[in-house]
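1. coords please:
(one chain, ligands or ions: 1)
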Amino acid sequence: MTYIASFSSFYSDACITYATLSVAYFALSQNAPFSYQSAWWKRVLFGVLAGLAVLYLNQDRLLLAGNIYYSLAMIPMILVIFFGGAVSGVACYLVNFGFNGGFTLDNLFIGSIILPLLLSGVWRTKTNRVFYLTIGIIALYRIIVVGSFVNFRELWLDILLYQVASALCLAICYHALSFKQRHIHAFFSMRSKATTDSLTRINNRASVDYRMMLQHAERQSCGLMLLDLDNFKQVNDTYGHLAGDGVLVSVGAILQDCVRDEDFVGRYGGEEFIVITSSYEPQHIAAMAERIRTQVEEFDFITENGDVIRMTVSIGTSLYLAGMSVGKAIELVDQALYDAKLEGKNRVVSSRLMSLSQLAERVNRMVAKKPKRQ
Ligand SMILES: Nc1nc2c(ncn2[C@@H]2O[C@H](COP(=O)(O)OP(=O)(O)OP(=O)(O)O)[C@@H](O)[C@H]2O)c(=O)[nH]1
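-> Residues are numbered from 1 along each chain as shown. Prediction:
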């Protein structure tokens, strides 16, 4: 029996494999869970990082005879295919191919293992059964190929031990990564449920409250719009609750179309929506509110039965000024909305604060224009 790669180098190889893939997976899942459907550059990066781990693992070899050896280098390559799909697998292989001599016997042997994996699309049917079947077939293939180059009777224990050790390492890394993947998926799903309104898919009330709390904590002024659909009860009564739901979904989409990326749209409750604009310039907020009012008024909401519903919306606008209490800001914009309803609906009404700030701005402009006394 030849020596088997020392236990500590085997252990450190397994740790490096897991650490590299785990950190890469985590970093690539910052905004959404990483998968074989993520942006192409993420999949390439995942493969390249795994490729660098492969290059490192290639140093620790179990020499069987002549230049026939085993190493754990296959492990990251198999794992990236399972977790990142074909693009990651090919990127990983190309790094190994480019830095390990190109068309060598080793690289062709590795290619003959990963090609069937790539062709079978194992990442799409990633179950424990598929995984164990895959590593079983790979182990058998490696034993047969290596067994035909070395004296199998003499080295059978080394060969078997190495297959068991590398399969164990693969299985541990696979389950640890799957565990991380499940947690990352659960985190994003719970975050989405906690912050998104299940009907309209825009921010929910908790998210609105959090956003206002942030404005307050960071002492950041912003513009506020509170919107309430006019006579919405009639829509439910005439066309049914489902048609009413459809209207709410469409209004959410219209609002998102009308605002800029840095603005915030949320469902405040029932048929009430809120827009928090990063700009706190009164004219800008009033113009945006008018644009939203017109878009809703001109939109044909079509029900499942083909009925066309026309809606109008009343909008109150106001400001949140740094240092103000959130409660006071909401009270002012709510009062503006109430006035819009009272004045006949389908209109935009500004709060006292908006008028005051406009007045203050006008006075400032006049003072700035006034010629200075010599
Ligand atoms: N379809 C549907 N209806 C909802 C939802 N949430 C609240 N509503 C309905 O919205 C309606 C609101 O009615 P009201 O508060 O009387 O307001 P309105 O009919 O729009 O009248 P004004 O606000 O005065 O113009 C009620 O009939 C609620 O049942 C929802 O998620 N889906």
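
2. quick one, strands of this protein?
-> Assigned by DSSP state E, the strands in the chain fall at 62-65, 68-70, 222-229, 264-269, 272-277, 301-302, 308-309, 313-320, 348-350.

3. need the residues of the stretch 101-250 of the chain near the ligand, please.
-> Counting by CB under 6 Å from any ligand atom, the residues of the stretch 101-250 of the chain close to the ligand are 199, 228, 229, 230, 231, 232, 233, 236, 241, 244, 245, 248. C-beta here means a position set from N, CA and C on the backbone, and glycine is covered the same way.

4. could those residues be laid out in TSV, adding neighbour count?
-> Listed next are those as TSV, based on neighbours: other CB atoms under 10 Å:
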residue	neighbour count
199	13
228	21
229	21
230	19
231	13
232	18
233	10
236	15
241	10
244	22
245	13
248	21
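
5. Out of these, which sit inside helices?
-> 232, 233, 236, 241, 244, 245, 248 (DSSP state H).

6. of all those, which two lie farthest apart?
-> 233 and 245 (13.8 Å; CB to CB).

7. OK, contacts around residue 231?
-> 312, 345 (CB atoms under 8 Å, 6 or more residues apart in numbering).

8. one step back: need the strands of the chain in JSON lines (columns: mean pLDDT).
-> As requested, those are exported to JSON lines (pLDDT from 0 to 100):
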{"stretch": "strand 62-65", "mean pLDDT": "68"}
{"stretch": "strand 68-70", "mean pLDDT": "70"}
{"stretch": "strand 222-229", "mean pLDDT": "97"}
{"stretch": "strand 264-269", "mean pLDDT": "96"}
{"stretch": "strand 272-277", "mean pLDDT": "97"}
{"stretch": "strand 301-302", "mean pLDDT": "92"}
{"stretch": "strand 308-309", "mean pLDDT": "94"}
{"stretch": "strand 313-320", "mean pLDDT": "96"}
{"stretch": "strand 348-350", "mean pLDDT": "95"}
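
9. Tell me which of those strands sits most buried.
-> The highest mean neighbour count among the strands of the chain, using mean count of other CB atoms under 10 Å, belongs to strand 313-320: a mean of 26.

10. quick one: strands adjacent to it?
-> strand 222-229 (antiparallel), strand 348-350 (parallel) (DSSP bridges).

11. ok now that strand, how far from the chain's centre?
-> Distance of strand 313-320 from its chain centroid, counting by CA atoms, centre = their mean, to the nearest Å, is 32 Å.

12. CA atoms only: put it into PDB for me.
-> Extracted C-alpha coordinates of strand 313-320, given in PDB (Å, rounded to 0.1, in the frame of the first residue of the first chain):
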ATOM      1  CA  VAL A 313     -58.000  58.900  -7.300                       C
ATOM      2  CA  SER A 314     -57.800  61.700  -4.700                       C
ATOM      3  CA  ILE A 315     -54.300  62.600  -3.600                       C
ATOM      4  CA  GLY A 316     -53.000  64.600  -0.600                       C
ATOM      5  CA  THR A 317     -49.500  65.900  -0.900                       C
ATOM      6  CA  SER A 318     -47.200  67.100   1.900                       C
ATOM      7  CA  LEU A 319     -43.600  67.100   3.100                       C
ATOM      8  CA  TYR A 320     -41.700  65.400   5.800                       C
END
